[in-house]
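>>> Predicted model, plus sequence, below.
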Amino acid sequence: MRLLVSALEHSANVHLKALCCELDESVELVGIFDSSLGDPIVDLRSLAIMGFTDALFKLRLFFKLAAQMVELSCGVDKVLLIDSSGFNLPLAKRLKKAHPDLEIIYYILPQAWAWKRGRIATLQSNIDTLASILPFEREYYALDAPIEYVGHPLLDEIREFKQSASKEIKRVVFMPGSRRSEIKKLMPIFHAVQKKIDAEAVIVVPDHIALDKRDELYGNLSQFVVTSDAHMALMQSDFGFICSGTATLEASLIGMPFALCYIAKPLDYIIAKKLVKLEHIGLANIMFSRSNGRIIHPEFIQDGVNTEALIECMREFDCEQFLDDSKRLRDYLKHGSSKRVADIIKGER
């Protein structure tokens, strides 16, 4: 089977790798994905964007990629789109127009329930299987929509969970994100926090960031233990300061207490405030507040991300309550998703 894949984000490729473990060697990937999985048509590092304004500068490249994907679709058996709705949803419409009978599977759906709910109709009319990783998404779609909850990929990838809450914070992990602009905005504050806490400081630097770029992006890391293993860092730390994104849900599931930190470009933040109708930005908080009526971790956004606020949060945090809530969140998500999505790809309904 030739499977046309569109996985632009780093997190999407982490989930894709777990999914590939459930597929046999007869499945050949073509399209956009991490080079460790085959021979993609583009280097993913050239696609990294941060926010609305950054995306505008790369429109020509994305239009070219979409055209290549439509051309490639002539020789494939199925299509797998993962996350990245800004690119994948228009691509799905082009693919369905070119090949009405080509099966399209969308894994990790656009968060249309948060903003642009009009996209739900587009998803229902252009996608053959909507593989949802959030239990509550189903309620936003029509009764006959081809959507099912398949589980959550992080429950496939996380093998260990904390069994007890730390009585003393001896090790703090800093995760400033994977995008250049995220790192540049958060690191000055993280450096200031590190200097004022009496604990070992660990920083997670993604593998894709070259050694010769570290000083420029992160500053002097001589006071940090540097690692690229996020899961291990979360398991071995007592508290964390984490940029908004997948890592915040990882920490919530593992049971590692943390504060979400996010500083957007001013224009992006203004646009998001007008378009996104949510009380929280952390996915764990969005889910937990729906099922339990409160949040699982604090969120610091824009000017709220400052040294004093973060240190006070760490000192006052209820680690026992967080551990209990972490278990409730895992129960809510139930199980991993890779096996079910692999069955869908193989046609084993």
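In hand now; what should we look at?

>>> In contact with G31, which residues?
Residues near G31 by CB atoms under 8 Å, 6 or more residues apart in numbering: 4-6, 40-41, 69, 72. Where C-beta positions appear, they are placed from N, C-alpha and C, glycine not excepted.

>>> mind listing the strands for the stretch 151-300 of the chain?
With strands called from DSSP state E, counting those that start in this stretch, the stretch 151-300 of the chain shows them at 171-175, 200-204, 225-227, 239-243, 258-262, 299-301.

>>> F161: how many residues sit nearby?
Residues lying near F161 (other CB atoms under 10 Å) number 14.

>>> dump the residue contacts of A12.
A12 neighbours (CB under 8 Å, 6+ apart): 82-84, 108.

>>> Compare the contacts of G31 and tell me which is most surrounded.
Among the contacts of G31, V5 has more neighbours than the rest - 26 neighbours, counting by other CB under 10 Å.

>>> Tell me the confidence at that residue?
pLDDT for V5: 98.

>>> hang on, it in a helix?
No: read with DSSP: H, G, I helix; E, B strand; the rest coil, V5 is strand and lies in no helix.

>>> tell me which residues form a beta bridge with it?
Per DSSP bridges, residues listed as beta-bridge partners of V5: G31, L80.

>>> same deal with S132?
Counting by DSSP bridges, S132 forms beta bridges with Y149.

>>> wait, doesn't it sit right on Y140?
No: at 9.9 Å, S132 and Y140 do not qualify as touching, with contact defined as CB atoms under 8 Å.

>>> F174: which of the contacts of A12 is nearest?
Nearest to F174, judged by CB to CB, of those is D83 at 24.9 Å.

>>> What count of nearby residues applies to the closest residue to V27 other than its chain neighbours?
Spatially, and ignoring its direct neighbours in sequence, V27 is nearest to M1 (5.0 Å; CB to CB, 6 or more residues apart in numbering). Counted by other CB under 10 Å, the residues lying close to M1 total 14.

>>> dump the residue contacts of M1.
Neighbours of M1 in contact, by CB under 8 Å, 6+ apart: 26-28, 77-78, 345-346.

>>> hmm, which of the residues you listed are the buried ones?
27, 78, 345 (16 or more other CB atoms under 10 Å).

>>> My read is that the second one contacts V27, right?
Which is K78. No: using CB under 8 Å as the test, K78 is too far from V27 to be in contact (9.3 Å).

>>> coming back round to it: which one in the contacts of A12 is the model shakiest on?
Where pLDDT dips furthest among the contacts of A12: S84, at 90.

>>> Check which residues of the longest helix seen in the chain are buried.
With DSSP state H applied, the helix covering the greatest number of residues in the chain is identified as helix 180-196. Neighbour-count burial for helix 180-196 flags 181-187, 189-191, 193-194 (criterion: 16+ other CB under 10 Å).

>>> got any ranges where this structure has weak pLDDT?
48-57, 114-116, 269-278, 349 (pLDDT under 70).

>>> what residue lies at the spatial centre of it?
Residue closest to the average C-alpha location in the chain (CA atoms, centre = their mean): T246, at 3.6 Å.

>>> OK, contacts around it?
Applying CB under 8 Å, 6+ apart to T246 gives the contacts 11, 14, 154.
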